[in-house]
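A.B. asks: Dropping the sequence and predicted coords here.
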Amino acid sequence: MPLFSKKIRTRFAPSPTGYMHVGNLRSALYEYLFAKQNKGIFFIRLEDTDQSREVAGAAENILKVLKIAGIEPDEGICLKEGKLAEKGHFGPYTQSQRLNLYQKYANQLVKAGLAYYCFCTEERLELLRKDQEAAKLPTRYDFHCRSLLPEEVQKRLDQGDKYVIRMKVPENREIEFEDMVRGKIKVNSREIDDQIILKADGFPTYHLAHAVDDHLMETTHVIRGEEWLPSTPKHILLFEALGWEPPIYAHLPMILNTDRTKLSKRQGDVAVEDYLAKGYLPEALLNFISLLGWNPGTEKELFTLDELIKEFSFAKVHKAGAVFDVKKLDWMNGEYIKKLENKIFVQAAMPFFEKFLTDNNFTIPAYLEANFDKALLLAQQRISRLAEVGEGIRFLLTENLGYDPAKLVWKKSDAAKAKEILNLLINDISGYAETDFTKENFENKLKDFITRNNLANGDVLWPLRVALTGADKSPAPFEVAEILGKEATLSRLRQAIEKL
RNA sequence: GCCGCCAUCGUCUAACGGUUAGGACGCCAGGUUUUCAUCCUGGUAAUCGGGGUUCGACUCCCCGUGGCGGUACCA
């Protein structure tokens, strides 16, 4: 394990422009894991520098999802009684409240000759870009305002012309940095544009805000998506111009759709919330996501958060993008569901079950009232998402099973025999006491019935299963009978006979 | 167009110059079971192409190819 001289500080810096994307969740996870395993600080900063894209409630939502996932900040933006709050000594942690700082440092750069005022209109910039594209040249700023005389600049400022501040990129310099996952990266400064660092509305762009905040907030490690890799040299330059030491960077591989394009809404869900709404357990989702672009170097695949904190390492982070494979997520989620304590499962499944009831206009039959938990538990070992719980025990909620009568016939039998056996069953079961309707007793009674009548297991149990559940894929008939009770069990058997 | 990053079964990945290229998901087959599922056993399937370097390349280098990202007064 590497030893760092400074206290490790990582940050998650979302923009409140939408919902929590699974890629963001993974970034947050890695940032959290790295901080925790180094006994450092994980904090959250709100990057709300684009007023036009801001979505009300988005920040609260992102924090909420993070909390559900078990990733809580030591410092920075947090949730207090559902509302945004801050804690820690490096605040404010909301960029829109730090405008004076960005302006101060932008001005400092201008004074030092490392940045300059630019009065170019967006129209001119757009035209420039189009010309460059047509001429198949790289699209970049043409330094138009770099050479403005100081008097000219002053005059235009005095007359209130709109301006932005651009960084002045040195002409021909190799910029080199060491990325924790990609190793050495080299870029020549001539490839770097004179990026705008302060916008006309007085807000900083990401680049300036990143340098200022991560310096002031003493971030030691910037862990972010691969899409930031190309602008990292700008950031290094900015840190240098401000006389600061840049943080250590780690650029994470992308998470992709099945067709290897950047994970997008069109091809499935990207919002963490959507997955939670389908009944993926937060622990399972986190576990699955942790393995997208990272592996422990062993064959272990199921990890708790604490285990991840111990095992995680940037040395084992992949460089290539990883496809988000829902099939594997389903498997993993199923594993987590099966392992859930019964009580916890019922608790977790209940909201999904209730939604199923209202969506399908079901009311709860009398025999179910007392056996609610037992009913839900019938589904626990058989589903891979909590949202499947209702469908899994649908047969308990309606008398109208609506199945194909042919199903009642076992593969090694015929309709006549099925009918005969169902009749025998009704006779036999009619004589059972209510107390025989427990899983164990009912099973014993039936096995006795089978040997007494010299029948095969399948001859009896198969039609019984279908009669009780209307499905060939369903929990065992003993468990179902226990919940149904005598009256409902018999009535379903009679219905079955009528169908044959 | 220009710049950058990347490349092992369908998917997630292991092998950091020497392995019959391993595991997991999926899929297929067999077994257990009262059907399905679970569970167990087995099978299927990969080093993008071409050149080097080396006694020996998945591994190192170069060139292609392909994918992705960036190229905003968005982050």
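C.D. replies: Now that the structure is in, tell me what you want to look at.
A.B. asks: how far away is residue A:216 from residue A:127?
C.D. replies: 38 Å (Cβ to Cβ, to the nearest Å). For glycine as for every other residue, the C-beta is placed from the backbone atoms N, C-alpha and C.
A.B. asks: Kindly apply the preceding question to residue A:456 instead.
C.D. replies: Applying Cβ to Cβ to residue A:456 and residue A:127 gives a distance of 85 Å.
A.B. asks: what's the answer for residue A:55, then?
C.D. replies: Applying Cβ to Cβ to residue A:55 and residue A:127 gives a distance of 32 Å.
A.B. asks: With residue A:107 instead?
C.D. replies: Residue A:107 sits 29 Å away from residue A:127 when distances are taken as Cβ to Cβ.
A.B. asks: and what of residue A:200?
C.D. replies: The value you get for residue A:200 to residue A:127, if Cβ to Cβ is used, is 18 Å.
A.B. asks: Compare these two and say which is more crowded by neighbours.
C.D. replies: residue A:200 (15 against 11; other Cβ atoms under 10 Å).
A.B. asks: RNA strand B contacts on the stretch 201-350 of chain A?
C.D. replies: Within the stretch 201-350 of chain A, the positions near RNA strand B by Cβ under 7 Å from any atom of the strand are A:201, A:203, A:205-206, A:226-231, A:253-254, A:256, A:258, A:260-262, A:291-295, A:297, A:299, A:301, A:316, A:318-323, A:325, A:327-328, A:330-331, A:338.
A.B. asks: and those, which of them are in strands?
C.D. replies: Among these, the members falling in strands (DSSP state E) are A:256, A:322, A:323.
A.B. asks: can you count the residues close to the last one?
C.D. replies: Residue crowding around residue A:323 was assessed by other Cβ under 10 Å; the count is 16.
A.B. asks: what domains does the record give for chain A?
C.D. replies: Chain A resolves into domains spanning A:9-95+A:255-323, A:98-252, A:340-396, A:405-499 when parsed by automatic domain parsing.
A.B. asks: any chance of those in TSV, with mean pLDDT too?
C.D. replies: Listed next are the domains of chain A as TSV, based on pLDDT from 0 to 100:
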stretch	mean pLDDT
domain A:9-95+A:255-323	94
domain A:98-252	95
domain A:340-396	90
domain A:405-499	86
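A.B. asks: so what's the residue in the stretch 101-250 of chain A that RNA strand B sits nearest to closest to, chain neighbours aside?
C.D. replies: As assessed by Cβ to the nearest atom of the strand, RNA strand B sits closest to residue A:200 within the stretch 101-250 of chain A, at 3.2 Å. In space, and not counting its chain neighbours, residue A:200 is closest to residue A:162: 4.9 Å by Cβ to Cβ, 6 or more residues apart in numbering.
A.B. asks: May I ask you to confirm that that neighbour belongs to a strand?
C.D. replies: No. The assignment for residue A:162, made by DSSP: H, G, I helix; E, B strand; the rest coil, is coil rather than a strand.
A.B. asks: That one reaches residue A:199, doesn't it?
C.D. replies: No. With contacts counted by Cβ atoms under 8 Å, residue A:162 stays clear of residue A:199, the gap being 10.0 Å.
A.B. asks: for stretch A:110-125, how far is the first residue from the last?
C.D. replies: 21 Å (Cα to Cα, to the nearest Å).
A.B. asks: number of nearby residues for residue A:210?
C.D. replies: Neighbours of residue A:210 (other Cβ under 10 Å): 26.
A.B. asks: how far away is residue A:439 from residue A:371?
C.D. replies: From residue A:439 to residue A:371 the distance is 11 Å (Cβ to Cβ).
A.B. asks: Find the residues that touch each one of the two.
C.D. replies: Contact criterion Cβ atoms under 8 Å, 6 or more residues apart in numbering; residues shared by residue A:439 and residue A:371: residue A:482.
A.B. asks: can I have stretch A:216-234 written out in CSV, keeping just the CAs?
C.D. replies: Taking Å, rounded to 0.1, in the frame of the first residue of the first chain, the C-alpha atoms of stretch A:216-234 are listed here in CSV:
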residue,chain,number,x,y,z
LEU,A,216,-7.9,25.3,-1.8
MET,A,217,-9.7,22.2,-0.6
GLU,A,218,-6.4,20.3,-0.6
THR,A,219,-7.6,17.5,-2.8
THR,A,220,-4.7,15.1,-3.2
HIS,A,221,-6.2,12.8,-5.7
VAL,A,222,-8.5,13.7,-8.5
ILE,A,223,-10.4,10.6,-9.7
ARG,A,224,-12.7,11.2,-12.6
GLY,A,225,-14.0,9.9,-15.9
GLU,A,226,-11.9,9.4,-18.9
GLU,A,227,-13.6,12.2,-20.7
TRP,A,228,-11.4,14.6,-18.7
LEU,A,229,-8.2,13.1,-19.9
PRO,A,230,-7.8,15.5,-22.9
SER,A,231,-8.2,18.6,-20.7
THR,A,232,-5.9,17.5,-18.0
PRO,A,233,-2.8,19.2,-19.5
LYS,A,234,-4.8,22.5,-19.4
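A.B. asks: Identify each buried residue in it, please.
C.D. replies: A:217, A:219-226, A:229, A:231-234 (16 or more other Cβ atoms under 10 Å).
A.B. asks: out of the residues you listed, which are inside helices?
C.D. replies: The helices, defined by DSSP state H, take in A:232, A:233, A:234 from those.
A.B. asks: what packs against the longest helix anywhere in chain A?
C.D. replies: Counting by DSSP H, the longest helix found in chain A is helix A:477-499. Helices and strands touching helix A:477-499, by 3 or more Cβ pairs under 8 Å, 6 or more residues apart in numbering; DSSP states H and E, are helix A:366-369, helix A:372-380, helix A:415-430, helix A:439-452, helix A:457-469.
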